[in-house]
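A.B. asks: give the three-dimensional model of this entry:
(one chain, ligands or ions: 1)
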Amino acid sequence: MSNIHHQDTDTLAALVAPYRKTGVTKRSEENIRQSVEELLAKMTLEEKIGQMSQCADSEFSFGADIEAAPTDVLVREGRVGSILGAFNSRRTFDLQKMAVEQSRLGIPLFFNADVIHGYQTIFPIPLAWASSWNMEQIREACVIAAREATASGITYNHGPMVDISRDARWGRVMEGAGEDPYLGSLIAKAQVEGFQGDSLFNEETLIACLKHFVAYGASEAGRDYNTVDISEWMLRNIYLPPFQAGLEAGSASVMNAFNFYNGIPIAGNKFILNDLLRKELGFDGMLISDYGAVDEIYIHGAARDRKEAAKLSLDASMDIEMVTQLYEQHLPALVAEGKIDIEQIDAAVRRILIYKYEIGLMDDPFRYIRPEKEVEYHFHPEHLQASLELARRSIVLLKNDRRILPLPQEGLLQGDMTVALIGPFADSKDMLGTWQFSRYKEETVTLREGLQAKGIADAALLYAQGSGVNEAIPGGIEQAVKTAREADMIVLALGEHSEMSGEAASRMDISIPAPQQRLAEELVKLGKPIVLVLTNGRPLVLDWYQEHVDAIVETWFLGSQAGHAIADVLLGDYNPSGKLTMSFPKHLGQTPIYYNRFNTGRPVTAENKDEKYISKYLDGPNEPLYPFGYGLSYTHFTYSALKLDRDIIKRGESITVRATVTNTGNVAGEETVQMYIQDLYGSTVRPVKELKGFHKIHLQPGQSTGVEFTITEQDLQYCNASLEWVAEPGEFKVYVGTSSVDVLERSFELI
Ligand code: BGC
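C.D. replies: Modelled structure (predicted):
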């Protein structure tokens, strides 16, 4: 399936074919190093800076308009080494041809893009796919995204985003894995492995870029691009681990965060980039500045002028400048004045050229540009199937009173009962979420289409939109109420549109927008069973819904196959298994809220909860509405027999944790068995719980299974006040259960 006209593809494929080389083999590391030195020796200063500069293709822009010469001119003149946002093989071919044939040294370009949750086939947004806790399927989604993107000539991804996020007001929570460093690390690794595969030389793999280094997720008050002020202790314990995991998985690139650290914007922060990333973590790949971030050192007011901003960034070992042209404008003078050393520039260019050789571009510049593969791969049925499977697993069942779900499929199919499908997301194509650039948006399966595809006739599936996302529809509520009156049940599809999360999409109020709330209130008055289906890119405040509707299904933005996945869950063809990776606050005022919080000196307990001078709110609880790790199933899992094989361990030893899980409901289901620990005291305060392991199990009704975890000394380590990773002696608790709250517990001691 493809919406590229075949004749055009054939013509383009015929055009590209003579440019492709055959028999190109992978070079050895030694050979690459030598070739890079030879090439470097031929390059002028301007050509070197050209490799360090990236421009956005004419159709692509984020944020402030950047003044630059047209892409074609920059390419011909060898003034850029990579292009952002050239999205199809026609364009990548034309630009590569210009670079290779018309620039003096003919060095091929990297083509960069944000391939965050799919390229043409769109997968669930990362916050959604994180809820699957399924590393194989997340990795596979990235393999597919890379396969589709590279067919268009894209070689360098601006992802994965591995920022820990704890504040649901921040729109970019949708791009990451949520609030937990352990799970975030596993997901970072799975994504890097998926994008990069076993070898970057393979034409279907993509350079991964870990972003945003570092602590961008800690933006104050959840406002994008805002101040971050955290201790190094917090940085190392919470924000750094997913980057370390991504680096260990071999990520070839890292992108800086927009925020500052200790007052210095990270694009020019030597401590963060040189000392921490390069020296301590051993990163020798390509460091790319985020969009305009070099220039923003100046705008932040942390450089006297733009020239100083360019110097600060190069001094911090920033290899590639995204879209602004301060390197081009200022590095030559800085070299002439002796303020920077040419060796700094050579080091950056080396890092870039090494990868141009490694991925085979230098020997075969057109190898990734394969129009015939675009036709074959883009939106391929197998890719859609993978998207559907991950979409089902990303759905989280938040509430299901009186087991109202699954809907009675038989009754609906036979027309014995009717459902009123209502709301702005009932029949909406806006199910892909942001950070996707698919040409196939119109082929997104809506919820209504998903239900229709199950064979439910229109007579049993009444429909009314009722409201827009942020604006009322004249007469919409009346129409919706009238429709709902004729039905036995209501499926109410509410949420946020895709531009309400993502970059530059922070919200002060993370509740369902007012016009939709009014619609819900009117429908609730009818007293009919209501299933709320949510489409959104962040945790929302759902307290009112928890009280007034019967079932709540969190579907996020599920991607190309959204409607099919939701219909599978609503009708019971798939038993939901997703578990939240970000806490849902009960009230906005609790934000930021996360399960792995630190103890206070005045914690609330069952005994002291009515006292005054304790760490609580006057007007509501401390607990979230739905905690980390929470998610229901159509069956029920009972946990028992939690046992440790010993009560005391010494350094270097491990402890085995066993529990029994039984499916005590009526249908088969998948459970994510979670294991947390708590270090009861340390030389610094310790989180009240930390995820340290999980298992996915599938049980038939009545079936039991044993699950086993091993805790090693390494699992007990954390970063202490001297910034060393240590496991300190003392008592630990182990918790095993179905969420971060609903757990069994035991204790042991490390001596
Ligand atoms: C974002 C990056 C992204 C870049 C463009 C920036 O505004 O912060 O995450 O990669 O735009 O590709």
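
A.B. asks: buried sites along stretch 179-198?
C.D. replies: 179-197 (16 or more other Cβ atoms under 10 Å). Any C-beta I mention is one placed from the backbone N, CA and C, and that applies to glycine too.

A.B. asks: are we agreed that Gln329 is in a helix?
C.D. replies: Yes - counting by DSSP: H, G, I helix; E, B strand; the rest coil, Gln329 is located in a helix.

A.B. asks: contacts only, for Asn720.
C.D. replies: Trp233, Gly682, Ser683, Thr684, Val726, Glu728 (Cβ atoms under 8 Å, 6 or more residues apart in numbering).

A.B. asks: surely the second one touches Pro729?
C.D. replies: In other words, Gly682. No - if you go by Cβ atoms under 8 Å, Gly682 and Pro729 don't touch, sitting 9.7 Å apart.

A.B. asks: show me which of these two is the more surrounded one.
C.D. replies: Higher neighbour count among Gly682 and Pro729: Gly682, with 16 against 13, using other Cβ atoms under 10 Å.

A.B. asks: just the element for the more buried one, please.
C.D. replies: Element membership of Gly682 [criterion: DSSP states H and E] is none; it lies in no helix or strand.

A.B. asks: and what of Glu731?
C.D. replies: Short version, using DSSP H and E: Glu731 is in strand 730-737.

A.B. asks: which other residues reach that strand?
C.D. replies: In contact with strand 730-737 (Cβ under 8 Å, 6+ apart) are residues 639, 642, 644, 657, 659, 673-682, 689, 707, 709, 711, 716, 743-750.

A.B. asks: go with 7 Å
C.D. replies: 639, 642, 644, 657, 659, 673-681, 689, 716, 743-750 (Cβ atoms under 7 Å, 6 or more residues apart in numbering).

A.B. asks: cool, and stretch 699-716?
C.D. replies: With Cβ under 7 Å, 6+ apart, stretch 699-716 has contacts from 635, 651-652, 654-663, 665-669, 671, 673, 675, 677, 679, 692-693, 695, 697, 727, 732, 750.

A.B. asks: would you mind listing what in the stretch 151-300 of the chain touches the ligand?
C.D. replies: His158, Lys211, Asp290, Tyr291 (Cβ under 6 Å from any ligand atom).

A.B. asks: ok, of these, which one's closest to Ser165?
C.D. replies: Lys211 (12.9 Å; Cβ to Cβ).

A.B. asks: what bridges to that closest one?
C.D. replies: Met161 (DSSP bridges).

A.B. asks: again with Glu745
C.D. replies: Tyr735.

A.B. asks: how much space between it and Leu644?
C.D. replies: 11 Å (Cβ to Cβ, to the nearest Å).

A.B. asks: so these two - more neighbours on which side?
C.D. replies: Set side by side, Glu745 and Leu644 show more neighbours around Leu644, with 17 against 12, by other Cβ under 10 Å.

A.B. asks: tell me the contacts of the more buried one?
C.D. replies: With contact set as Cβ under 7 Å, 6+ apart, Leu644 has these partners: Ile655, Val657, Val734, Arg746, Phe748.

A.B. asks: can you confirm the last one is in a helix?
C.D. replies: No - inclusion of Phe748 in a helix is not indicated when three-state DSSP is applied; the result is strand.

A.B. asks: might one say that it is in contact with Ile655?
C.D. replies: Yes - counting by Cβ atoms under 7 Å, Phe748 does reach Ile655; the two are 5.8 Å apart.

A.B. asks: rewinding a little: including pLDDT and distance to Phe260, could the contacts of Leu644 go into TSV?
C.D. replies: Shown next, in TSV, are these (pLDDT from 0 to 100; distance: Cβ to Cβ, whole Å):
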residue	pLDDT	distance to Phe260
Ile655	98	42
Val657	98	42
Val734	98	39
Arg746	98	44
Phe748	98	42
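
A.B. asks: out of those residues, who's nearest the ligand?
C.D. replies: Val734 (37.7 Å; Cβ to the nearest ligand atom).

A.B. asks: let me see the contact set for Lys399.
C.D. replies: Gln546, Ala551, Ile552.

A.B. asks: am I right that the last one sits in a strand?
C.D. replies: Pointing back at Ile552 there. Yes - Ile552 forms part of a strand when assessed by three-state DSSP.

A.B. asks: re the thing from before, list buried residues within the contacts of Asn720.
C.D. replies: Buried among the contacts of Asn720 by 16+ other Cβ under 10 Å: Trp233, Gly682.

A.B. asks: can you pull the pLDDT of Phe62?
C.D. replies: Phe62 carries a pLDDT value of 60.

A.B. asks: typo on my end, Asn599
C.D. replies: Confidence score, pLDDT, at Asn599: 89.

A.B. asks: identify the residues contacting stretch 405-413?
C.D. replies: Outside of stretch 405-413, the residues within contact range by Cβ under 7 Å, 6+ apart are Met417, Val419, Gly455, Ile456, Ala460, Val531, Ala551, Leu570, Leu571, Gly572, Tyr634.

A.B. asks: an error on my part: the question was meant for stretch 231-240.
C.D. replies: Residues contacting stretch 231-240 (Cβ under 7 Å, 6+ apart): Ile164, Pro181, Val214, Ala215, Gly217, Ala218, Thr684, Tyr718, Cys719, Ala721, Leu723.

A.B. asks: got the buried residues for it?
C.D. replies: For stretch 231-240, a neighbour-count test (16+ other Cβ under 10 Å) marks Trp233, Leu235, Arg236, Asn237, Ile238, Tyr239, Leu240 as buried.

A.B. asks: which strand or helix spans Glu449?
C.D. replies: Assigned by DSSP H and E, Glu449 falls within helix 447-453.

A.B. asks: next structured bit after that helix?
C.D. replies: Following helix 447-453 toward the C-terminus (DSSP H and E): strand 461-464.

A.B. asks: send over that following strand as PDB, restricted to the C-alpha atoms.
C.D. replies: Presented in PDB, the C-alpha positions along strand 461-464 are these (Å, rounded to 0.1, in the frame of the first residue of the first chain):
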ATOM      1  CA  LEU A 461     -23.800   2.100  16.800                       C
ATOM      2  CA  LEU A 462     -25.400   5.600  17.000                       C
ATOM      3  CA  TYR A 463     -23.100   8.500  16.700                       C
ATOM      4  CA  ALA A 464     -23.000  12.200  17.600                       C
END
